[in-house]
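Asker: I'll drop the sequence and a predicted model, then ask my questions.
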Amino acid sequence: MAEERKLRILVAKPGLDGHDRGAKVVARSLRDAGMEVIYTGLHQTPEMIVNTAVQEDVDAVGLSIMSGAHNVLMPAVVKGLEDKGAQDIAVFGGGIIPDDDIADLKNKGVKALFTPGTSTEDIIAWVRANVKPK
Amino acid sequence: MKLEIDKLLARDVRSGARLLRWIDDGVAEARAVLKVIWQHTGRARVIGITGNPGAGKSTLTDQLIGRFRERGLSVAVVAVDPSSPFSGGAILGDRIRMQEHANDEGVFIRSFATRGHLGGLTHTTTDVVHALDAMGWEVILVETVGVGQDEVEVQRLAQTTLVVLTPGMGDEVQAIKAGILEIADVFVVNKADREGADRTVRELEQMLEMGKGGRPSLGELMHHGGLKASDLEQADRASPDEWVPEIVKTVASRNEGIDELVAAIDAHAEVYAKACQAPEFIRARLRQEFLEIYRRALFARGWSYLMHEDHLQQIVDRMLDRSSDPYTLAEQAVRALGSR
Ligand SMILES: Nc1nc2c(ncn2[C@@H]2O[C@H](COP(=O)(O)OP(=O)(O)OP(=O)(O)O)[C@@H](O)[C@H]2O)c(=O)[nH]1
Ligand SMILES: [Mg+2]
C-alpha cells in the first residue's frame, strides 16, 4: 500500500479553565486543513497530556490555556515529553500570554505561541512549515 | 527512530506507538517488523465494540478498561473515528471518555482515522491488533466508527463482538439491517436509563428466537465437510456452535450493568476458548487472517504496477481512443504482473 503520511496533532486543554471554545476552533481548522487531531477534552494534567502524546505518537501538541497558568503548564509538558525521550514532539501554545512570558516560554522549549486574534490560517501555516510526520 | 524488536516485545510504549504510526501510514519498515513479531500473536483477548453513533461505545469501553484493570490485566484500546471525506482530516474524540486511564501504565489507548476505509475500521486495523497482541497487551478493545450499519468488519478481528444499541428509536431493532445483528456475540442495550429499554430487549429476544440474529455457528456452515469458496465470507462470521447471543442492559455513564456485561463477555470467551480446541475452528480464523493480508498484498502489487512508469496513463489512452476496452486492459494488466 502506498505511503500516506498525515500530520497528527494533539490539541489539549490543561488546567482548570472551564471552556474549550478556542481549543475546539483550532482543532476543527486543523482537521479542515487535512490533519488528524486528537482531542481530549477539558482539565488535562501535563502528565496526562504527555502520556497521550506518546501513546498517540503525534507530531505536535497544541496547548490552549486561558487561565494564566501557562508559565507552569507549558514547560511542564515540554519537560515531560523530554523525560520520555519524546522531544521530537513539538509543543506550541495559545492563550492570553504577555510578551515577556512568550520569550521565556520559547527559551523553555515551546516552539510557537499564538495570542488571541491570531487567525487559524496563521496557526495552520506555522504547523505546516514546522511540523513533519514521523 | 529505529525500532528494536526486544523493546517492542517488552511493551515499550514509545516503540509500540511508533510501530503503529508506521503501520497506519503504510511505511515500508512496518511490514518487516510485522513479519518478525507475528509469531508472538494469538495471545490477547480481542473484544470488538460496534454500534450506532453516540450509542455509548467509548463510555462502555472506558468502563471495560476499568474492569479488566481490576483483574490486573493490561488493556490496549484501538479507537476508530471517521476521516472527513472533504479535507481528509479528522477529529479523533473517542478517548475523551477514557482519559481517566491516561496515566495508567497498564493502559494504552490509540486513536485512528478511517482514511476512506469503509467497514468501521481502518485498512490496517488487523496489523495494529497484531502489533498490540505481540507486544503483550492482554486485552485489546477495538471501538469501531459509529457511522451506520455496515460496520461488520470488526467481528473478523475480535473473538467477542459487542453490538451496542440504544432504546427509544421506535422499531429500531426491525429497522437495523441484518448485517450488524448477525455479528453480535453480546447485545448491549445501553442508555437503559431511557424509556423503552425493556422493549428493545424484548425485540432482540424475539429476533433471536426466530433465529435471525447472532453469528451462524461454524458447525452449521461446515456440516457437509470442508468449506466451499462461497462459505469463506460466512465462516469468518462464525461463533462457537453452542453460543447463543446474550442481551445485557447497561447505563454506561453511571457504571450500571457493567458487571453483567463482563460476565457475558467472559461466558463467551469460555465457549470461544473451547471451540479453539477444534482445528477447523482455528483454521477458519487463520484462513480469514491470511485472506485479508493476501487481498491487500495483491492490491498493492497491482497498484504498484499501474503506478510504474506510465502504465495507468497508457491504459487510459487506449480507452480514450477506443482502441481497447477496460475489461481487456484489466486482464492484460493482471497478466503483466505475473511476468514481472
Ligand atoms: N443517558 C445516558 N447517556 C449515556 C450513556 N452512556 C453514554 N452516554 C452519553 O452518550 C454520549 C455519547 O457517548 P459515547 O460513549 O461518546 O458514544 P460513542 O458510541 O462512543 O459515540 P461515537 O464514537 O461518536 O459514535 C455521551 O454524552 C455519553 O455521556 C447511558 O447509559 N445513558
Ligand atoms: Mg466513541
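Answerer: Yep, it's here. Ligands and ions are numbered 1, 2, ... in the order given.
Asker: and the closest residue to ligand 2 within chain B, how far is that from chain A?
Answerer: Taking C-beta to the ion as the measure, the point where chain B comes nearest ligand 2 is residue B:58, at 3.3 Å. All C-beta spots, glycine's among them, are computed from the backbone N, C-alpha and C. According to C-beta to the nearest C-beta, to the nearest Å, residue B:58 and chain A sit 11 Å apart.
Asker: which element is that residue on?
Answerer: For residue B:58, the element it lies in under DSSP states H and E is helix B:57-70.
Asker: next SSE after that helix?
Answerer: Next along from helix B:57-70, by DSSP H and E: strand B:75-81.
Asker: in its sheet, what does that following strand sit against?
Answerer: Sheet pairing of strand B:75-81 (DSSP bridges) gives strand B:107-113 (parallel), strand B:139-143 (parallel).
Asker: circling back to that earlier point, and the helix holding residue B:58, what's its mean pLDDT?
Answerer: Helix B:57-70 comes out with an average pLDDT of 98.
Asker: if we can go back for a sec, could you dump the strands paired with strand B:75-81 into JSON lines with mean pLDDT and mean neighbour count added?
Answerer: Formatted as JSON lines, the strands paired with strand B:75-81 follow (pLDDT from 0 to 100; neighbours: other C-beta atoms under 10 Å in any protein chain shown):
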{"stretch": "strand B:107-113", "mean pLDDT": "98", "mean neighbour count": "25"}
{"stretch": "strand B:139-143", "mean pLDDT": "97", "mean neighbour count": "26"}
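Asker: export these as JSON lines, with columns for distance to residue B:80.
Answerer: Below are the strands paired with strand B:75-81 laid out as JSON lines (distance: least, C-beta to C-beta, whole Å):
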{"stretch": "strand B:107-113", "distance to residue B:80": "5"}
{"stretch": "strand B:139-143", "distance to residue B:80": "6"}
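Asker: out of those strands, which is closest to residue A:46?
Answerer: Using C-beta to C-beta as the measure, strand B:107-113 is the one of the strands paired with strand B:75-81 that comes nearest residue A:46, at 17.5 Å.
Asker: so what touches the closest one?
Answerer: With C-beta atoms under 8 Å, 6 or more residues apart in numbering or on different chains as the contact definition, strand B:107-113 has outside contacts at A:6, A:36, A:38, A:52, A:55-56, B:13, B:16-17, B:20, B:24, B:65, B:69, B:74-83, B:89-90, B:92, B:94-95, B:98, B:101-102, B:122, B:125, B:128, B:132, B:137.
Asker: change it to 6 Å
Answerer: Outside strand B:107-113, the residues that touch it by C-beta atoms under 6 Å, 6 or more residues apart in numbering or on different chains are A:36, A:38, A:55, B:20, B:65, B:75-80, B:83, B:90, B:92, B:95, B:98, B:101, B:122.
Asker: and that strand with helix B:57-70, angle?
Answerer: Calculated by axes from the mean of the first three to the mean of the last three C-alpha atoms, to 10 degrees, strand B:107-113 forms an angle of 160 degrees with helix B:57-70.
Asker: could you count how many residues lie near residue A:116?
Answerer: 10 (other C-beta atoms under 10 Å in any protein chain shown).
Asker: name the SS class of it, please.
Answerer: coil (DSSP: H, G, I helix; E, B strand; the rest coil).
Asker: how close does it get to ligand 1?
Answerer: To ligand 1, residue A:116 is 29 Å away according to C-beta to the nearest ligand atom, to the nearest Å.
Asker: pLDDT score assigned to the closest residue to the residue of chain B closest to ligand 2 other than its chain neighbours?
Answerer: The shortest distance from residue B:58 to any non-neighbouring residue, by C-beta to C-beta, 6 or more residues apart in numbering or on different chains, is to residue B:97 (4.1 Å). As predicted, residue B:97 sits at a pLDDT of 96.
Asker: surely residue B:97 meets residue B:61?
Answerer: No. Using C-beta atoms under 6 Å, residue B:97 is not in contact with residue B:61, being 7.4 Å away.
Asker: circling back: looking at the strands paired with strand B:75-81, which is nearest to residue B:152?
Answerer: Using C-beta to C-beta, the strands paired with strand B:75-81 put strand B:139-143 closest to residue B:152, at 12.8 Å.
Asker: who touches that closest one?
Answerer: B:44-49, B:57, B:61, B:64, B:68, B:73, B:75-79, B:94, B:129, B:132, B:154.
Asker: residues near residue B:242, how many?
Answerer: Neighbours of residue B:242 using other C-beta under 10 Å come to 10.
Asker: tell me the contacts of it?
Answerer: residue B:271.
Asker: can you lay out the strands paired with strand B:75-81 as a markdown table showing distance to ligand 2?
Answerer: A markdown table is the format used below for the strands paired with strand B:75-81 (distance: least, C-beta to the ion, whole Å):
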| stretch | distance to ligand 2 |
| --- | --- |
| strand B:107-113 | 10 |
| strand B:139-143 | 6 |
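Asker: please consider this matter closed, and thank you.
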